[in-house]
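# Below is the sequence, then the predicted model.
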Amino acid sequence: MFDLLGVPPQALFGQLLLGLINGSFYALLSLGLAVIFGMLNVINFAHGALYMVGAFVAWLLLNYLGLGYWWALFLAPTAVGLIGVVLEKTMLSRLYKLDHLYGLLLTFGLALIFEGAFRHFYGVSGQPYPIPDLLKGGQNLGFMFLPNYRGWVVVSSLIVCFGTWFAIERTRLGAYLRAATENPVLVQAFGINVPVMVSATYAFGVALAGLAGVLAAPIYQVSPLMGSNLIIIVFAVVVIGGMGSILGAILTGLGLGLMEGLTKVFYPEASNIVVFVVMAIVLLIKPAGLFGRER
Amino acid sequence: MTAASQTTNQAAPKTATVALRGPDAGTARTALLFAVGLAVAGAAPFALYPVFVMKVLCFALFACAFNLLIGFAGLLSFGHAAFFGGAAYVTAHSVKVWGLPPEAGLLLGVLAGAFLGLIFGVIAIRRQGIYFAMITLALSQMVFFMALQMKFTGGEDGIQGVPRGVLFGIFDLTQPLTMYYAVLAIFVVGFALIWRTVHSPFGQVLKAIRENEPRAISLGYRTDRYKLVAFVLSASLAGLAGGTKALVFQLASLTDVQWQMSGEVVLMTLLGGMGTLFGPVVGAGLVVTLESYLAATSLPVPVVIGAIFVVCVLLFRRGIVGEILARLPGAR
């Protein structure tokens, strides 16, 4: 076996894989945040809480209805999306004419409610969620062992991310969406129902978070606190990438996940803060973010 | 442009300047309210549990410091826990381990708050609005992780059993009443400083930045510097509140640097009234009271706090004091 800078390759690639998985979640979540911000001008603080809700819906489906992972993969994002529609219709829609900060404060309150409620009923300890039978086991790639489930998470979230990118940048519906981001009044004048589109966008953005929650459930334990720590890192990712570009959000998420994995190998003490340090450096050099435009 | 200006813009024309009352009209009433408040606070430890009132005072100062940014400069910081908790650690460590007297410990705490504020400010002021909030939140999370891992903070245990000591070598802070009046004095000094800042030419420039930053720039003000000074001032005062809190409870812990603490101070200010002088004090009093009341029930505290957040944002964005001022017939 060869060594890389004194680090056994098993450990290095293992951490890189973990970093890639974390990066996939960062990408899914920051993508949702960027889509929502583009359309609603709201920074969705509840994103992390809804990711947690997605994981919990999967867990509840399994434990109370006996519906397994593949059902959850479809049902949990749908449920989270429906929650999103209700939140948007009843609360967020009242704030569009106000300063963006109110959207942040409202969704912060919502995040506290979701997190507090789940914590009240299920405690702070994590609940295990089994890996589906189909994805058990793993592959020996020669230089490392790849558990099937982890490979699945990376591949499927990449597919979802790039599918979203394609839908927004290359399809007619995406064109309407981008137009409505630029000038909602004019788009409405062309006969497109913008309020419905806004609700759908929010629902889609939070459904992505719900999906990420289901994907994460077998890897991390399902816990009420799983979202709140993640969302702050995702905020940093969004600041680094800038929210102007969908592709930027995806690439920044993956890149930072990998960077975190590398830090865990070479300087584990700093692995918690490396994303924030990168954020500070990027802000000092390029305040608009790597892919951002000043707005 | 900013949160507070939006609130005022929403109001009917006759109350449009409610958050911007000039010094002449408001001063008499402010002074009267302040005198009444001081008398109540002076008598409070005889009617209420002193530690409870001291907690209210610490958080009231914290919220006032936060309000200096959001209410008067229009900057929403979501990372004020870093200054509060960071200062609490520094004060606790210097008093307990280095054996410094409380006044030196507090001074070091304030300096720690100011130093962190300078770093946060230099980085965060490069972006505006929503990004500013996210950056300060991220940076404060970094401070949280550092507090979790560094040796001197005691990790999960925090710094416990901090001695209160003897203030200026005269006042024995182990006496509950002496401690109480020391905390009251600290609060009054901090509050007076904020009042003075808001009513100074510097404060007027801050309000101008809040209302219309491009215009302020075009008038020749280097707005980034004004914002940075306001940020450092606010962080120092948050540090003063944190250091005092460490002495009162003889404890500095991870709770003080957590993001929930940043959220709590936002709530206190929002509930009481952003951009009003007394709003944060009222808000802090209500939130602290509510939390100590809820602690005895089985209701989950975060859910109630979150619900208050939602109600405030949706229904009364002016906050309690803001609503009262808007309805007061004499308010111009």
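Yes, it's here. Since this is a predicted model, take the numbers as computed values, not measurements.
# Could you report the neighbour count for residue 288?
Because you didn't say which chain, this covers chain A. 16 (other C-beta atoms under 10 Å in any protein chain shown). The C-beta positions use only the backbone N, C-alpha and C, and glycine is treated the same way.
# Actually, chain B is the one I wanted.
For B:Val288, using other C-beta under 10 Å, the count is 20.
# same question, the one 5 residues further on
Applying other C-beta under 10 Å, we find 12 residues neighbouring B:Tyr293.
# Run the chain-centre distance for the strand or helix carrying it.
Taking DSSP states H and E as the definition, B:Tyr293 sits inside helix B:279-294. Put simply, helix B:279-294 sits 13 Å off its chain's centre (C-alpha atoms, centre = their mean, to the nearest Å).
# is the next helix or strand after that helix anywhere near chain A?
Sequence-wise, the next helix or strand beyond helix B:279-294 is helix B:301-314, with elements assigned using DSSP H and E. Yes - on the criterion C-beta under 8 Å from any C-beta of the partner chain, helix B:301-314 is in touch with chain A at B:Val301, B:Pro302, B:Val303, B:Ile305, B:Gly306, B:Ala307, B:Ile308, B:Phe309, B:Val310, B:Cys312, B:Val313, B:Leu314.
# ok, and the closest non-adjacent residue to the fifth one?
With C-beta to C-beta, 6 or more residues apart in numbering or on different chains as the measure, A:Leu112 is the residue that lies nearest to B:Gly306, at 3.1 Å, once sequence neighbours are left out.
# Just confirm the one you found contacts B:Phe309, I think it does.
Yes - between A:Leu112 and B:Phe309 there is a contact at 6.7 Å, judged by C-beta atoms under 8 Å.
# These two - which one has more neighbours?
Neighbours were counted for A:Leu112 and for B:Phe309 using other C-beta under 10 Å; A:Leu112 has more, 29 against 24.
# Go through the helix or strand containing the more buried one and flag the buried ones.
Element membership for A:Leu112 (DSSP H and E) is helix A:100-122. Neighbour counts over helix A:100-122 (16 or more other C-beta atoms under 10 Å in any protein chain shown) mark A:100-119, A:122 as buried.
# before we move on, what about stretch B:109-126?
Per 16+ other C-beta under 10 Å, stretch B:109-126 contains these buried residues: B:109-110, B:112-118, B:120-126.
# With stretch B:210-227 instead?
Under 16+ other C-beta under 10 Å, the buried positions of stretch B:210-227 are B:Arg210, B:Glu211, B:Glu213, B:Ala216, B:Tyr221, B:Thr223, B:Tyr226, B:Lys227.
# Quick check: closest non-adjacent residue to the last one.
Ranked by C-beta to C-beta, 6+ apart and with sequence neighbours excluded, the top spatial neighbour of B:Lys227 is B:Ile125, at 5.2 Å.
# how close does the one you found sit to B:Gly161?
39 Å (C-beta to C-beta, to the nearest Å).
# got the contact list for residue 147?
This is for chain A. Listed by C-beta atoms under 8 Å, 6 or more residues apart in numbering or on different chains, the contact set of A:Pro147 reads A:Gly137, A:Gly138.
# sorry, should have said chain B
B:Gly85, B:Gly86, B:Tyr89, B:Thr153, B:Leu254, B:Val257.
# again, but for A:Leu208
A:Leu28, A:Leu29, A:Leu31, A:Gly32, A:Val35, A:Pro77, A:Val160, A:Thr164.
# In CSV: these, plus pLDDT.
Shown next, in CSV, are the contacts of A:Leu208 (pLDDT from 0 to 100):
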residue, pLDDT
A:Leu28, 91
A:Leu29, 92
A:Leu31, 90
A:Gly32, 90
A:Val35, 87
A:Pro77, 94
A:Val160, 93
A:Thr164, 91
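# Could you pull out the buried residues of the longest helix along chain A?
In chain A, assigned by DSSP state H, the helix with the most residues is helix A:9-40. For helix A:9-40, a neighbour-count test (16+ other C-beta under 10 Å) marks A:12-40 as buried.
# try stretch A:153-170
Buried, per 16+ other C-beta under 10 Å, within stretch A:153-170: A:Val153, A:Val154, A:Ser157, A:Leu158, A:Val160, A:Cys161, A:Thr164, A:Trp165, A:Ile168.
# Spell out which residues sit in contact with the first one, please.
It refers to A:Val153. Counted by C-beta under 8 Å, 6+ apart, A:Val153 has contacts A:Ile21, A:Ser24, A:Leu215, A:Ala216, A:Ile219.
# change it to 7 Å
Contacts for A:Val153 (C-beta atoms under 7 Å, 6 or more residues apart in numbering or on different chains) come out as A:Ile21, A:Ser24, A:Leu215, A:Ile219.
# just the second one next, same as before
When the contact criterion is C-beta under 7 Å, 6+ apart, the partners of A:Val154 are A:Leu20, A:Ile21, A:Ser24.
# Can you get me a residue count around A:Pro183?
You called it Pro, but residue A:183 is Asn. A:Asn183: 10 neighbours (other C-beta under 10 Å).
# okay, residue 10: pLDDT?
I went with chain A, as the question did not name one. Looking at A:Gln10, its pLDDT stands at 76.
# could you do chain B instead?
On the pLDDT scale, B:Gln10 gets 41.
# chain center to stretch B:170-184: distance?
22 Å.
# Now the terminal residues of that stretch, how far apart.
17 Å (C-alpha to C-alpha, to the nearest Å).
# Tell me which of the buried residues of stretch A:153-170 fall in helices.
A:Val153, A:Val154, A:Ser157, A:Leu158, A:Val160, A:Cys161, A:Thr164, A:Trp165, A:Ile168.
# Now do the contacts for the closest residue to A:Val35 other than its chain neighbours.
Spatial nearest neighbour of A:Val35, excluding adjacent residues (C-beta to C-beta, 6+ apart): A:Gly205 at 4.8 Å. Taking C-beta under 7 Å, 6+ apart, we find A:Gly205 in contact with A:Gly32, A:Val35, A:Ile36, A:Asn44.
# Looking at the residues you listed, which one is closest to A:Tyr267?
A:Gly32 (30.6 Å; C-beta to C-beta).
# Show me which residues of the stretch 1-150 of chain A sit near chain B.
Contacts of the stretch 1-150 of chain A with chain B, taken as C-beta under 7 Å from any C-beta of the partner chain, map to A:43, A:91, A:94, A:98-102, A:104-106, A:108-110, A:112-113, A:115-117, A:119-120.
# which residue ranges form the helices in chain A?
Going by DSSP H, chain A shows helices at A:9-40, A:47-60, A:69-90, A:100-122, A:148-170, A:172-182, A:184-189, A:194-216, A:226-241, A:246-266, A:274-285.
# Packing partners of the longest one?
Pointing back at helix A:9-40 there. Helix A:9-40 sits against helix A:47-60, helix A:148-170, helix A:172-182, helix A:194-216, helix A:226-241, helix A:246-266, with contacts defined as 3 or more C-beta pairs under 7 Å, 6 or more residues apart in numbering or on different chains; DSSP states H and E.
# now, of those, which is deepest in the fold?
Among those, ranked by average contacts under mean count of other C-beta atoms under 10 Å in any protein chain shown, first place goes to helix A:47-60 (a mean of 28).
# Helices along the stretch 51-200 of chain B, start to end?
Ranges of helices within the stretch 51-200 of chain B are B:80-96, B:102-124, B:129-149, B:176-198, based on DSSP state H, counting those that start in this stretch.
# Ok, which of these comes nearest A:Thr252?
helix B:129-149 (13.6 Å).
# how about the closest one as PDB, C-alpha atoms only?
Taking C-alpha atoms only, helix B:129-149 is exported to PDB below (Å, rounded to 0.1, in the frame of the first residue of the first chain):
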ATOM      1  CA  GLY B 129     -29.100  43.100   3.500                       C
ATOM      2  CA  ILE B 130     -29.900  39.400   3.600                       C
ATOM      3  CA  TYR B 131     -26.300  38.400   3.000                       C
ATOM      4  CA  PHE B 132     -25.200  40.500   6.000                       C
ATOM      5  CA  ALA B 133     -27.400  38.500   8.200                       C
ATOM      6  CA  MET B 134     -26.200  35.100   6.800                       C
ATOM      7  CA  ILE B 135     -22.500  36.100   7.000                       C
ATOM      8  CA  THR B 136     -22.800  37.200  10.700                       C
ATOM      9  CA  LEU B 137     -24.700  34.000  11.400                       C
ATOM     10  CA  ALA B 138     -22.000  31.800   9.800                       C
ATOM     11  CA  LEU B 139     -19.200  33.700  11.500                       C
ATOM     12  CA  SER B 140     -20.900  33.300  14.900                       C
ATOM     13  CA  GLN B 141     -21.300  29.600  14.200                       C
ATOM     14  CA  MET B 142     -17.500  29.500  13.700                       C
ATOM     15  CA  VAL B 143     -17.000  31.100  17.100                       C
ATOM     16  CA  PHE B 144     -19.300  28.500  18.500                       C
ATOM     17  CA  PHE B 145     -17.200  25.600  17.100                       C
ATOM     18  CA  MET B 146     -14.100  27.300  18.400                       C
ATOM     19  CA  ALA B 147     -15.600  27.700  21.800                       C
ATOM     20  CA  LEU B 148     -16.500  24.000  21.700                       C
ATOM     21  CA  GLN B 149     -12.900  22.900  20.900                       C
END
